[in-house]
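K.L.:
I'd like to go over a predicted model; first the sequence, then the structure.
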Amino acid sequence: MPTTRELDVKLAFARQAGDEAGHFELVAHRLGALGQDLAGFAAPDNPLFQYLRSLTSTVERVAAGLVTLEAIAYGVNENFIALCEQRGDSETARIYRMYIQPDEQRHHQLGQQLIAKYAVSPDQQELARATVARVLEIASAARASAAARLGTACFPGC
């Protein structure tokens, strides 16, 4: 966000960061209510975060974060909501449906508007496509690795 020149994109990233912090707090409170302690939680450094930190252009950043990751998050959350409902955890499902999913959808829609505004040349459009492909590739590898660690081919709700 600090090195992004375009004010509308900078504000979109700031809004997204604030919303995501709020999501973390909602989930942390819910996990606390379920008896989980997050005192030692730290987000791991991983290939996806490393890739995101390497992006330098507005088109890449919007394509990766607001467009691709928000679309992935929305889909993953839908599967998670279904699992929560299946297991009788209507409160977690409610939190996701009422608070988290509307934000994820709004972030994604904002990303679509911004990518249409800033990826106007064929080169920029190709850069956006390549960025989306790379994010999907990294996310797919992470998902496969997590599934292998859990000894499953698929996660619940898939």
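P.N.:
Here it is on my side, so go on.

K.L.:
Out of the helices and strands in the protein, which is least certain?
P.N.:
helix 122-150 (a mean of 91; mean pLDDT, DSSP states H and E).

K.L.:
Identify each buried residue in that one, please.
P.N.:
Using 16 or more other C-beta atoms under 10 Å as the test for burial, helix 122-150 gives Q124, L127, A128, T131, V132, R134, V135, I138, A139. The way it works is simple: take the backbone N, C-alpha and C, and place the C-beta from them, glycine included.

K.L.:
Also stretch 95-110?
P.N.:
Neighbour-count burial for stretch 95-110, counted by 16+ other C-beta under 10 Å, picks out I95, Y96, R97, I100, Q101, D103, E104, R106, H107, H108, L110.

K.L.:
I'd like the distance from it to the chain centre, please.
P.N.:
Here the centre of stretch 95-110 is set off from its chain's centre by 10 Å, with C-alpha atoms, centre = their mean, to the nearest Å.

K.L.:
Start at 39, not 1
P.N.:
Done: numbering now begins at 39, and the last item shifts to stretch 133-148.

K.L.:
Identify all contacting residues around that stretch.
P.N.:
50, 53-54, 57, 60-61, 64-65, 68, 104-105, 108-109, 111-112, 115-116, 118-119, 122 (C-beta atoms under 8 Å, 6 or more residues apart in numbering).

K.L.:
about what we covered before: nearest to L90 among the buried residues of helix 160-188?
P.N.:
V173 (8.1 Å; C-beta to C-beta).

K.L.:
quick one: the residue nearest to the closest one when sequence neighbours are not counted from A66, how far?
P.N.:
In this structure, V173 finds its nearest non-sequential neighbour in T106, 4.4 Å apart by C-beta to C-beta, 6 or more residues apart in numbering. According to C-beta to C-beta, to the nearest Å, T106 stands 25 Å off from A66.
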